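Student: Predicted model follows, preceded by the sequence.
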Amino acid sequence: MSNTQPAAEKSLRSRLFLFALLLGFFLAYTFTVFLSNAMVNISSTLNVAVGTVSQILTVGSFLGLIAGFIMGFLTLRFKHKLLFLLGVALFGVGTLGWFFAPDFASLLFFSLFFGIGSAMTSILVLTLIGDFLPLEKKGMAISLTMTSAFAANLIVPQVTSIVANIAGWRAVLLWFLFPISIACLLFGFFFLPSKPRQEHSANKPKYLEAFKQILLNKSPLACVVATALIATSILTPIYAVSFFRLYFNESLSLSATFYSLASAMGILGVLVGGRLINRIGRKPLSVIACAVQGVFATLIVFMPNSWASATMWMVSAFFASIMLTSLTSLALEQVPEFRGTMMSLNASSQNIGLIIGLIVSGLVLNFYDNNFQILYTLFGMCGVASAVVVFLFVKDPCKK
């Protein structure tokens, strides 16, 4: 009996540890989804153009890029639990700042907390999984974290629609995002281990060699470039709700429903992509998914009605998630001895693609009077271009 009780306690604590990480990863994606759905409301309240409001996401992506590089040093010097709690706390401060912000300049300032907090939290979730879970459980844990990100795309649009219609968009921050931040802080404080990370100083001299193998090798470098193109291409959900509301005059509720349906197709795509990788191969699957996603991303804004447009969005989301799964898997195997460095550069290139895409998107919407046709054609071209890059320059090391 004495042996059974500690085992049960260990199992419960392990589940709560994983739940804290899943909640943190979910939290990290809530703000972007909230802003995507409430962009028109915020624009109307503050009398600012939609394209200008969207640049808040540019600020977040830029801060995520910087935070990613800085975290590479901080994780070597500080406990990962402490950094996780700091990231969640910064996110919580951002929610309160946005709730009380009187003007757009104040929103922009408190977006700094969202950008840094989200980046820190998402990075630390994956780091803590690597630190404390055994090898046989890491794959499933990472899969669950990705599912929690898609869950944010399913849940947040509906919550935003309901709460914003009842009490305004600011209430979503106070009634939903802030309580999740508090819950995440509590679960993280009580259930995440405090064991410091072991430093591996012997690997430090290999940093230069790692960057050389990636940046001077055609195949891994092409993966990095393709990731940046994909990051721009998958900006389609960011502006989709605004497109439905401005172009088809649909309600926030119906637009949010479309968003959730597309997210559900994204979850299905992750599951299908995981099964198809070994059957079709990483490279062929990446090429097909990138090309198809790009075509359907463009078709979203050329349909005669909102339901046909939403159908194109759902197909695009399905292949986008397959694309992300297969290309990430392909990039992971490019330089096996330096996987950490490869994925770090991949993450950085993703933020670069997001930053460029968001800046261009804001300019297109502002200078071409919310012309979504031009914008989504650019998104589609980036998807097809990523397929061309992978097809011509990337090699699959796992292919015999």
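Tutor: Received it, and whenever you're ready, just let me know what you need. Remember, it's a predicted structure, so these values are computed and weren't measured experimentally.
Student: max-length helix in this structure?
Tutor: helix 4-46 (DSSP state H).
Student: which strands and helices sit next to the helix or strand following that helix?
Tutor: Sequence-wise, the next helix or strand beyond helix 4-46 is helix 50-77, with elements assigned using DSSP states H and E. For helix 50-77, the helices and strands in contact under the criterion 3 or more C-beta pairs under 8 Å, 6 or more residues apart in numbering; DSSP states H and E are helix 4-46, helix 80-100, helix 104-132, helix 236-247, helix 339-367. For the C-beta atoms, the positions are set from N, CA and C on the backbone; glycine is no exception.
Student: would you list those in TSV and tack on distance to residue 389?
Tutor: Output for the helices and strands packed on helix 50-77, formatted as TSV (distance: least, C-beta to C-beta, whole Å):
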stretch	distance to residue 389
helix 4-46	26
helix 80-100	33
helix 104-132	26
helix 236-247	19
helix 339-367	12
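Student: Put together a markdown table for those, with distance to residue 296 and mean neighbour count on each row.
Tutor: A markdown table is the format used below for these (distance: least, C-beta to C-beta, whole Å; neighbours: other C-beta atoms under 10 Å):
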| stretch | distance to residue 296 | mean neighbour count |
| --- | --- | --- |
| helix 4-46 | 19 | 19 |
| helix 80-100 | 33 | 21 |
| helix 104-132 | 27 | 21 |
| helix 236-247 | 9 | 23 |
| helix 339-367 | 17 | 20 |
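Student: got the angle for the longest helix of the chain vs helix 236-247?
Tutor: Using axes from the mean of the first three to the mean of the last three C-alpha atoms, to 10 degrees, the inter-axis angle of helix 4-46 relative to helix 236-247 is 40 degrees.
Student: Okay, angle between helix 4-46 and helix 80-100 too, please.
Tutor: Per the same axes, to 10 degrees, the angle that helix 4-46 makes with helix 80-100 is 30 degrees.
Student: Centre of the chain to helix 4-46, how far?
Tutor: Using C-alpha atoms, centre = their mean, to the nearest Å, the mean C-alpha position of helix 4-46 is found 13 Å from that of the whole chain.
Student: next one: stretch 80-98
Tutor: With C-alpha atoms, centre = their mean as the basis, the distance from the averaged C-alpha position of stretch 80-98 to the chain average is 17 Å.
Student: What of stretch 154-165?
Tutor: Using C-alpha atoms, centre = their mean, we find the averaged C-alpha position of stretch 154-165 to lie 19 Å away from the chain's own average C-alpha position.
Student: any residues touching it, and which ones?
Tutor: For stretch 154-165, the external contacting residues (C-beta atoms under 8 Å, 6 or more residues apart in numbering) are 30, 33-34, 37-38, 41, 169, 171-172, 175-176, 241, 252-253, 255-257, 259-260, 263-264, 267.
Student: How many residues are close by the residue nearest to residue 373 when sequence neighbours are not counted?
Tutor: With sequence-adjacent residues excluded and distances taken as C-beta to C-beta, 6 or more residues apart in numbering, residue 373 is closest to residue 301, at 5.1 Å. With neighbours defined by other C-beta atoms under 10 Å, the count for residue 301 comes to 23.
Student: so is residue 301 in a helix, a strand, or just coil?
Tutor: Per DSSP: H, G, I helix; E, B strand; the rest coil, the secondary structure class of residue 301 is helix.
Student: contacting residues for it?
Tutor: Counting by C-beta under 8 Å, 6+ apart, residue 301 makes contact with 243, 247, 309, 372, 373, 375, 376, 377.
Student: again, but for residue 254
Tutor: If you count contacts by C-beta under 8 Å, 6+ apart, residue 254 has them with 244, 306.
Student: do that again at 10 Å, thanks
Tutor: Residue 254 is in contact with 161, 241, 244, 245, 248, 306, 307, 310, counting by C-beta atoms under 10 Å, 6 or more residues apart in numbering.
Student: Could you dump the residues you listed into a markdown table with distance to residue 275 added?
Tutor: Listed next are the contacts of residue 254 as a markdown table, based on distance: C-beta to C-beta, whole Å:
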| residue | distance to residue 275 |
| --- | --- |
| 161 | 33 |
| 241 | 31 |
| 244 | 32 |
| 245 | 36 |
| 248 | 35 |
| 306 | 32 |
| 307 | 29 |
| 310 | 26 |
